[in-house]
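> What shape does this take:
(chains A and B)
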Amino acid sequence: MPETELSPNPLREGIRLGRTPEPCVMVIFGASGDLTKRKLIPALYYLTREHMLPAGFSVIGCARTPLTNEGFRAEMREAVKKYLNLPDESAAFVQGFGDGLFYIADDFGDPKAYDQLKSLLDRLDQERGTSGNRLFYLSTPPSFFPVIVQHLGASGLAQPKYPGKSWTRIIIEKPFGRDLASARELNRIVTEVFKEEQVYRIDHYLGKETVQNLLVFRFANGIFEPFWNRRYIDHVQIAVAEELGVEGRGSYYEEAGLLRDMIQNHVLQLLCLVAMEPPATFEAAAVRGEKAKVLKSIRPISKERASEFALRGQYIEGTVAGRKVPAYRSERNVSPTSTTETYAALKLNIDNWRWADVPFYLRSGKRLPKRVSEISIQFRRVPHLLFRGAGAENIEPNILSLRIQPDEGISLNFCAKLPGTTMQIRPVRMDFRYGESFGAVPPTAYETLLLDCMLGDATLFNRDDAVELSWELVDPILESWRQDGQKGLAFYPAGSWGPAEADDFIERDGRRWQRL
Amino acid sequence: MASAIEPVLQGNPRAVDVAAIESELSSLWRSAAEDPALKNAVMRACALTLIIYVESEESAQEVGELIADVTRQNPCRAIVMIVEPDADSEGLEAWISAHCHLPTAGEKQVCSEQVTLRARGEAVGNLSSVVLPLTVSGLPVHFWWRAGRFSPPPYFHQILRITSHVIIDSARFPNPPFDLEELRAWIDQSPGAPVVTDLNWARLTPWRSLIAQCFDPPERRSYLSRLTEVRVEFEKESPRVTTQRTQGLLLAGWLASRLNWDFLSHDSLKGTEGDAYIFKAEGRTLEVQLVPQEFKGAGSGVCYSIELWADGLSPAVFSFERGADGKAVQTRATVPGAQPIGRTVRLEVLSEVEILNDELKLGRRDHVYEETLRMVARMTAGRRK
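Presented below is the predicted three-dimensional model:
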């Protein structure tokens, strides 16, 4: 990601250990939740360990659970041990990391809690040299976002403590709204208190190495861009498959469904990266501008025609990885007559010169056979097949696959001649895998994103208009499904690749789903 | 049935004719692909050519073990040159081997090649003619001088012409003031010289980063222009004492060049076995002390402490001290009007392979290092023998 300008510290020049943000405090609202323990604190620990965070970096956890500083520190040290595999870690270092963690019990709606927070922030500026820089992270259920933002505004915490010298930023977890109206309302509330440049709407998919590598792949290599268009590409498939079910989050999922949970954010963001025009510079404004243009170019789907372009499914009982699993409707806190989708497939058309007539097929689902996220770019078949009788008639067209997870990498399928005296052709696959080629463990998405936010680099975060544009696209589909109720909901056994209707959905266009 | 070539794939060298090295390597991979015992489970990978200069067979064996680790992160064709110009007999011999790794269970082994060449007597002059055709076309060439003073003889001129990156380790320099100056002169000799990386400088990078971070907050920046004393303590009576003395010189040279200090003089540091280097900056005098000390800890790392003192109406002190377990450093910043800020930072002693792997990926010209060398040259001008 592009270097953000650092203060002109003459000792910094030439130090290649990475970018270090200015000293700051990160305030996590909802710190007793799962995300903090599983992702945020381990990411911050790892960044500290690798010297990416400055001296004095501090964390304040805010949640309704009553805890002391020591109690919070003990929990977070345990989380580090549990979620990071570092068997020989120096005890002194783990202890030292914990010393930078603080806690405030906060019911989010009490102004006194924000006064307390303000005092603690001022004290940390003095004691730990955090220089007035604050990062607020909203990791609470979305219903708390408005009240927290409003209180940050009312208490003065939303404004930089030293205007022109210090900064204040806010990271907001997804989901950002549950439909277009609520997303607009949330944007309105947030931007009444914070300027847009202070707001970082996080989508952790954008922090994944392979997602970032997609931009490098497209724009650092001269050979791909000339055929990255309708002349050579037949269609694009984007698949995000999970083998997990709702894992006890039935109440959340009943309100969300797969379209809101995955497609409106992660999958559409992947589509933007594949379809966007090269930005003029590699800065946040330019990159995000090009992504927004893609969203504006997607042909809208009306409520009335939603069933032509979107399909939904729900898993029934089945077997995943050798284990029997129950149906969605039998999961905890899920209605036995639920019509919430756990699978969705969409066909989108991008109406611009680059992509006209190149359909983008998106699919995502829970309780599929394995966890895999992959972008498959299928090229057009050769215009004239020279090698008849050589086994070429059944050869698949060239496919460029970008695997986001697991086992990140890029592969290209192409045809080669079998050694021998006759002309026999078979498909082969050329692979690049991150793990093999670089041998180093890439940073996690949260490590990348948290560091970027502290550095003020918004390239990998969502802009307000992009969020609203993506809701604008899916809203009619959601409304259509809501009105249809049970009608059109296809069922699939857990452990299968989705409903049979999904195969018909793509095969009617003379194509088929890429085998993952 | 065991494969006949498996020992070679496990790093055991096979002697080959010097004139047929490339065809022997091709034959090795063909055999690997066809050998039923291997079940088609190997894949050759190469991202660069790594030429390694050593001066003895023992060093070559050491390097062979290191290359096995290097190729995990930097798959390459490694060409180890054992150069013995003073040997009693004359001759040029070659061996091939490979280093294979299994990245993930069930996947193919990823293998890198190694060619070992031993040149004795006048045959050392023929090495370039053997090495040049072995470099993999289209990929960068890295030259790792794994010996003492960096003084490539004229017969390596052709190899260095195609080299984009030279790697040395000033920790091996027998006479740091002299050898660092030689290196500086070599780098400055022509604008087209390859990029030079010093592994010893890379060992200092985490320390430099810690020191730089200390002055990141804008309110601390002014202390840089008020520094009056820097003290670097390193382990006394250690096999690594040369490493640390060189590192001390580099650290001092780095600070002086970054902060535009003018070198004035050198003196022995009274009451110690250390040295004091006197600088002038913005009307004040600074002293940088490099002091060997007893190391009382039991850790695996070297004892290292750095203190920077800033004078003025209210003095400030910034200190960095390695902990007893050798894996962490305690940093402390005491500035007027604020509570002292301390933290424990992980700072493990990196192995040679770890540093080399990072540098193979980076390989960019480091102007800060070159300026540091020039400053060290000025500091040690009166002490070079």
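
> And stretch B:59-68, what's buried?
By 16 or more other Cβ atoms under 10 Å in any protein chain shown, the buried positions in stretch B:59-68 come out as B:59-60, B:63-64, B:66-68. All C-beta atoms are positioned from the backbone trio N, CA, C, and that covers glycine.

> And for stretch A:311-330?
Quick answer for stretch A:311-330 (16+ other Cβ under 10 Å): A:311-316, A:318, A:320, A:325-329.

> Among the residues you listed, name the ones in strands.
Among the buried residues of stretch A:311-330, DSSP state E puts A:311-316, A:318, A:320, A:325 in strands.

> how about the helices of the stretch 151-300 of chain A, start to end?
Ranges of helices within the stretch 151-300 of chain A are A:180-193, A:209-219, A:250-258, A:268-275, A:284-297, based on DSSP state H, counting those that start in this stretch.

> Same check on the stretch 401-516 of chain A?
Going by DSSP H, counting those that start in this stretch, the stretch 401-516 of chain A shows helices at A:434-438, A:445-454, A:464-484, A:500-507.

> Could you list the low-pLDDT ranges of the stretch 201-350 of chain B?
Residues of the stretch 201-350 of chain B meeting the criterion pLDDT under 70: B:237-244, B:295-303, B:312-313.

> residues from it in reach of chain A?
Applying Cβ under 8 Å from any Cβ of the partner chain, one finds that the stretch 201-350 of chain B approaches chain A through B:205-206, B:208-221, B:224, B:255, B:258-259, B:323, B:325, B:327-328, B:331, B:333, B:338-339, B:341, B:343-347.

> coming back round to it: quick one: which of the ones in strands among the buried residues of stretch A:311-330 is nearest A:Asn187?
Nearest to A:Asn187 out of those is A:Arg312 (Cβ to Cβ; 27.1 Å).

> I'd guessed that closest one sits against A:Tyr343; true?
Yes. The pair A:Arg312 / A:Tyr343 is scored as a contact, 6.5 Å apart, by Cβ atoms under 8 Å.

> before we move on, back to that, turn the ones in strands among the buried residues of stretch A:311-330 into TSV, columns for pLDDT and distance to chain B.
Shown next, in TSV, are those (pLDDT from 0 to 100; distance: Cβ to the nearest Cβ, whole Å):
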residue	pLDDT	distance to chain B
A:Leu311	97	35
A:Arg312	97	35
A:Gly313	97	31
A:Gln314	97	34
A:Tyr315	97	28
A:Ile316	96	32
A:Gly318	92	25
A:Val320	87	20
A:Val325	92	25
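
> now those residues as TSV including distance to B:Arg378?
Listed next are these as TSV, based on distance: Cβ to Cβ, whole Å:
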residue	distance to B:Arg378
A:Leu311	74
A:Arg312	74
A:Gly313	74
A:Gln314	76
A:Tyr315	73
A:Ile316	79
A:Gly318	75
A:Val320	69
A:Val325	72
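
> Which parts of chain B belong to which domain?
Here the domain parsing of chain B from automatic domain parsing is B:6-163, B:202-383.

> Is it possible to get TSV of the ones you listed that adds distance to A:Lys417?
Shown next, in TSV, are those (distance: least, Cβ to Cβ, whole Å):
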stretch	distance to A:Lys417
domain B:6-163	16
domain B:202-383	36
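
> ok, now how distant is the spatially most central residue of chain A from chain B?
Residue closest to the mean C-alpha point of chain A, counted by Cα atoms, centre = their mean, is A:Tyr205 at 2.4 Å. According to Cβ to the nearest Cβ, to the nearest Å, A:Tyr205 and chain B sit 23 Å apart.

> Show the contacting residues for whichever residue of the stretch 151-300 of chain B sits closest to chain A.
Using Cβ to the nearest Cβ, B:Ala212 is the residue of the stretch 151-300 of chain B that sits closest to chain A, at 3.8 Å. Each residue near B:Ala212 by Cβ atoms under 8 Å, 6 or more residues apart in numbering or on different chains is listed here: A:9, A:11-12, A:15.

> What's the PyMOL line that selects buried ones from the residues you listed?
The buried residues among the contacts of B:Ala212 can be selected in PyMOL (16+ other Cβ under 10 Å) with this line:
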select buried, chain A and resi 9+11+12+15
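
> So which of the contacts of B:Ala212 reach chain B?
A:9, A:11-12, A:15.

> ok, so of these, who is nearest chain B?
Nearest to chain B among these, counting by Cβ to the nearest Cβ, is A:Leu11 at 3.8 Å.

> what's the offset of stretch B:53-72 from the middle of its chain?
For stretch B:53-72, the separation from the chain centroid amounts to 14 Å (computed by Cα atoms, centre = their mean, to the nearest Å).

> any residue of it up close to chain A?
Yes. Using Cβ under 8 Å from any Cβ, stretch B:53-72 reaches chain A at B:Arg72.

> Would you mind writing the CA trace of that stretch as CSV?
C-alpha atoms of stretch B:53-72 as CSV (Å, rounded to 0.1, in the frame of the first residue of the first chain):
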residue,chain,number,x,y,z
TYR,B,53,32.3,-17.0,-2.3
VAL,B,54,34.1,-19.1,0.5
GLU,B,55,37.7,-19.8,1.1
SER,B,56,37.7,-23.4,2.5
GLU,B,57,35.8,-26.6,2.3
GLU,B,58,34.7,-26.2,5.9
SER,B,59,33.1,-22.9,5.0
ALA,B,60,31.5,-24.5,2.0
GLN,B,61,29.9,-27.2,4.2
GLU,B,62,28.6,-24.5,6.6
VAL,B,63,27.2,-22.6,3.7
GLY,B,64,25.5,-25.8,2.3
GLU,B,65,23.5,-26.1,5.5
LEU,B,66,22.6,-22.4,5.4
ILE,B,67,21.5,-22.7,1.7
ALA,B,68,19.0,-25.4,2.6
ASP,B,69,17.3,-22.8,4.8
VAL,B,70,17.7,-19.9,2.4
THR,B,71,15.9,-21.8,-0.4
ARG,B,72,12.8,-22.2,1.7
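
> now that stretch: mean pLDDT?
Stretch B:53-72 comes out with an average pLDDT of 91.

> so what pLDDT did A:Asn229 get?
Looking at A:Asn229, the pLDDT reads 96.

> wait, isn't it in contact with A:Trp355?
Yes. In this structure, A:Asn229 is within contact of A:Trp355 by Cβ under 8 Å, at 7.2 Å.

> Good, wrapping up.
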